[in-house]
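*Asks:* Here is my input, please return the structure:
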Amino acid sequence: MQKLRAVAVAIVATIVVSASASAQEMRNFDNSWFWGFKSGINTFTVPGHGNTSTVDMGIDWLITRTKGGLYVSGNQSVFSRDEQVADQASRTGERTVRVNDLRRISLAGVVFPKHFGGITPYAGLGYTIAVLGDARVFVDSANTFPNNAFLDKVESMRSRSAVMGMGGIQIQTMRAAIFAQETILPSNTNFLYSSVLSFFEFGVRWNFGSSIDRE
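*Replies:* Numbers count the residues shown, from 1 in each chain. I've put the predicted structure just below:
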């Protein structure tokens with residue numbers, strides 16, 4: 001994952017150095033409506049198995065004004081991971097749960113503090129709903145089956161909502177743009193993956209036109 005981040009940062013840095021400042025690029029950013037596609041890495045801790053990284057992909061929608069805007073996105077991380085979940089009814093004190101995939105819907109307000117020609121750093125604060133795919137519960141090593149209370153507990157821990165923070169940079173070339181961003185969700189002990197969730201993403205956006213009525 002560190003190598004992937006280093007490559008992505010190097011690519012962005014190269015484009016930043018080569019990007020030229022122009023009023024045209026700002027006209028194609030301010031008061032605009034962008035659709036984008038992105039991919040990246042989701043990093044989190046699996047209880048009983050340590051840190052892990054998975055592939056994450058999604059689409060987003062960015063409405064801009066001069067200094068701020070609205071951000072909406074939908075994402076899916078594709079993976080299958082086993083984790084250990086505490087169960088007092090188990091003879092061993094825990095059970096293995098196999099979890100598949102993670103889906104997210106996010107909504108955030110974003111700010112654009114300063115433009116550097118066609119280069120725009122941004123930051124955002126918003127809200128995310130995250131839902132894990134199916135969670136398969138296994139018998140413990142003593143071959144005892146889970147009770148209904150444990151199954152209900154696992155089901156309730158498949159979803160969470162949280163405040164999210166994000167930061168990124170967008171580089172504009174006419175109507176097309178590339179971007180890289182980091183999104184962070186805080187830890188939550190009521191979620192099957194209770195650690196901080198980190199999403200490093202990069203992708204492309206296209207300006208589909210003005211986000212305001214023009215006379």
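*Asks:* For Val111, see how far away Arg65 is.
*Replies:* If you measure Arg65 against Val111 using C-beta to C-beta, to the nearest Å, the figure is 10 Å. From N, CA and C alone the C-beta is placed, and that goes for glycine too.
*Asks:* For Ser156, give me phi and psi.
*Replies:* With angles defined as degrees, to the nearest 10, Ser156 sits at phi -70, psi -20.
*Asks:* tally of neighbours for it?
*Replies:* Taking other C-beta atoms under 10 Å as the neighbour definition, Ser156 ends up with a count of 12.
*Asks:* do the same with the one 10 residues further on
*Replies:* Burial measure for Met166: 21 neighbouring residues, criterion other C-beta under 10 Å.
*Asks:* So, low pLDDT: which residues of the protein?
*Replies:* Applying pLDDT under 70 to the chain flags residues 1-27, 140-143, 211-215.
*Asks:* can you give me the helices for it?
*Replies:* 2-18, 23-27, 148-156 (DSSP state H).
*Asks:* Dig out what Asn51 forms beta bridges with.
*Replies:* For Asn51, the beta-bridge assignment (DSSP bridges) gives partners Thr45.
*Asks:* just checking, it touches Asn42?
*Replies:* No - Asn51 is not in contact with Asn42 according to C-beta atoms under 8 Å; the separation is 11.5 Å.
*Asks:* Which one's more surrounded, the two?
*Replies:* Just comparing Asn51 and Asn42: by other C-beta under 10 Å the higher neighbour count belongs to Asn42, 25 against 10.
*Asks:* Distance of the more buried one relative to Thr64?
*Replies:* Per C-beta to C-beta, Asn42 is found 26 Å from Thr64.
*Asks:* And Val97, by the same measure?
*Replies:* 42 Å.
*Asks:* again, but for Leu132
*Replies:* Using C-beta to C-beta, Leu132 is found at 32 Å from Thr64.
*Asks:* mind checking the end-to-end distance for stretch 128-139?
*Replies:* End-to-end span of stretch 128-139 (C-alpha to C-alpha, to the nearest Å): 33 Å.
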